[in-house]
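**Q** the sequence isn't on hand, but the structure is:
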């Protein structure tokens, strides 16, 4: 299991976006970030689109997606 300290910017809250993994304190889902990167958007473009998130938020969303894609499950630390 991944150490939740490395996902301290990802939160799961049933009251926010239906419980989807989000960047802490926002309604931006990790899935949206990963989808936009997969569609060719750069990190710089994401940061311009969402000025309230940081580069490390994007990196943790990607790390979270990679972890799930490997078939693992985890519950990120609540922020």
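**A** Structure's in. What do you need? Please read all numbers here as calculations on a predicted model, not as lab measurements.

**Q** separation between residue 17 and residue 38?
**A** 19 Å (C-beta to C-beta, to the nearest Å). No exception for glycine: its C-beta is placed from N, CA and C like everyone else's.

**Q** more neighbours: those two, which one.
**A** residue 17 (16 against 10; other C-beta atoms under 10 Å).

**Q** pretty sure the more buried one contacts residue 27?
**A** Yes. Using C-beta atoms under 8 Å, residue 17 makes contact with residue 27 at a distance of 5.5 Å.

**Q** give me the contact list for stretch 26-39.
**A** 10, 16-17, 20-23, 43, 45-46, 49-50, 52-53, 57-58, 60-62, 64-65 (C-beta atoms under 8 Å, 6 or more residues apart in numbering).

**Q** pLDDT on that stretch, on average?
**A** For stretch 26-39, mean pLDDT rounds to 97.

**Q** can you give me the helices in this protein?
**A** 30-38, 43-49, 55-69 (DSSP state H).

**Q** quick one: buried residues of the shortest one?
**A** For helix 43-49, burial by neighbour count (16 or more other C-beta atoms under 10 Å) applies to residue 46.

**Q** which secondary structure elements does that helix contact?
**A** The contact analysis (3 or more C-beta pairs under 8 Å, 6 or more residues apart in numbering; DSSP states H and E) places helix 43-49 against helix 30-38, helix 55-69.

**Q** fine by me, we can end here.
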